[in-house]
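K.L.:
Pasted the sequence and its predicted model underneath.
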Amino acid sequence: MNFYASLLETIDTARSERQQIPTGFAVHVNNGLRAAVESLMANYPSVAGAVGATEFRALARAYVLAHPPTDSRLFLYGASFGDWLDAWHDLAAKDRMGTEAHTAADAKILDATRFAADMQAGRVDRLELAPSTRWHQSAGVLMTRPDDTVITTPLTPAGAAFLDACRDGLALPEAVQAALLTDEDTDIQALLTMLFKLGAFREPSHPH
């Protein structure tokens, strides 16, 4: 059992058995609970804005009690919060994507000209996603972080299918086919130009 869960269980047990909770201990737990709630506020700003601060804090408190943090890095807390909510799933997914894109590992962004040359020479046959690249098909959103700033861009279903194929390790022709099967009118050149410009791909870690 993690630290937060242990503290909360102790509080609940003491209350149910009508025991007196030491003041310092209760303050410590309440501070931890408050910190976790405020972290959810920071990690899900769109959801907080949509439902209002008061209602969001009530939801966040219920979530924290059910799913206490397991990591002291609270800026990463709440990965399952969107699934836990009864509504606002797409909004929560976009907020989570932003957190993951911002905190993802750094990687050297792939240059389109270099990739074309390596592809022609047979050194590579697929595109590898940058660690920070995130997308959500139903929300139609792509997030990338070519530098230190997360960029949010609209994404078509065909674009999402293309990225799905890249994520699954498919070769470029198969990824193109996946996009065209989703929308046969997709402009593949325009799609690739956009993705390269946004820094969606990293230099290959294992050239073929």
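P.N.:
Cool, got the structure.

K.L.:
Count residues in the vicinity of residue 166, would you?
P.N.:
22 (other C-beta atoms under 10 Å). The C-beta positions use only the backbone N, C-alpha and C, and glycine is treated the same way.

K.L.:
wait, isn't it in contact with residue 126?
P.N.:
Yes. If you go by C-beta atoms under 8 Å, residue 166 and residue 126 touch, sitting 7.0 Å apart.

K.L.:
quick one: contacts for the closest residue to residue 130 other than its chain neighbours?
P.N.:
Closest residue to residue 130 apart from its sequence neighbours, by C-beta to C-beta, 6 or more residues apart in numbering: residue 202 at 4.3 Å. If you count contacts by C-beta atoms under 8 Å, 6 or more residues apart in numbering, residue 202 has them with 107, 108, 109, 110, 128, 129, 130, 131.

K.L.:
Can you list the low-confidence ranges for this protein?
P.N.:
Applying pLDDT under 70 to the chain picks out residues 1-31, 206-208.

K.L.:
Mutual contacts of residue 166 and residue 126, please.
P.N.:
residue 175.

K.L.:
And the strands in this structure, which stretches?
P.N.:
128-129, 134-136, 141-144, 151-154, 201-202 (DSSP state E).

K.L.:
and residue 77, which of those strands is closest to it?
P.N.:
strand 134-136 (17.6 Å; C-beta to C-beta).

K.L.:
Partner strands of that closest one, with direction?
P.N.:
strand 141-144 (antiparallel) (DSSP bridges).

K.L.:
Domain-wise, how is the chain divided?
P.N.:
3-103, 112-202 (automatic domain parsing).

K.L.:
Am I right that residue 78 is in contact with residue 96?
P.N.:
Yes. Residue 78 lies in contact with residue 96 (C-beta under 8 Å); the separation is 7.5 Å.
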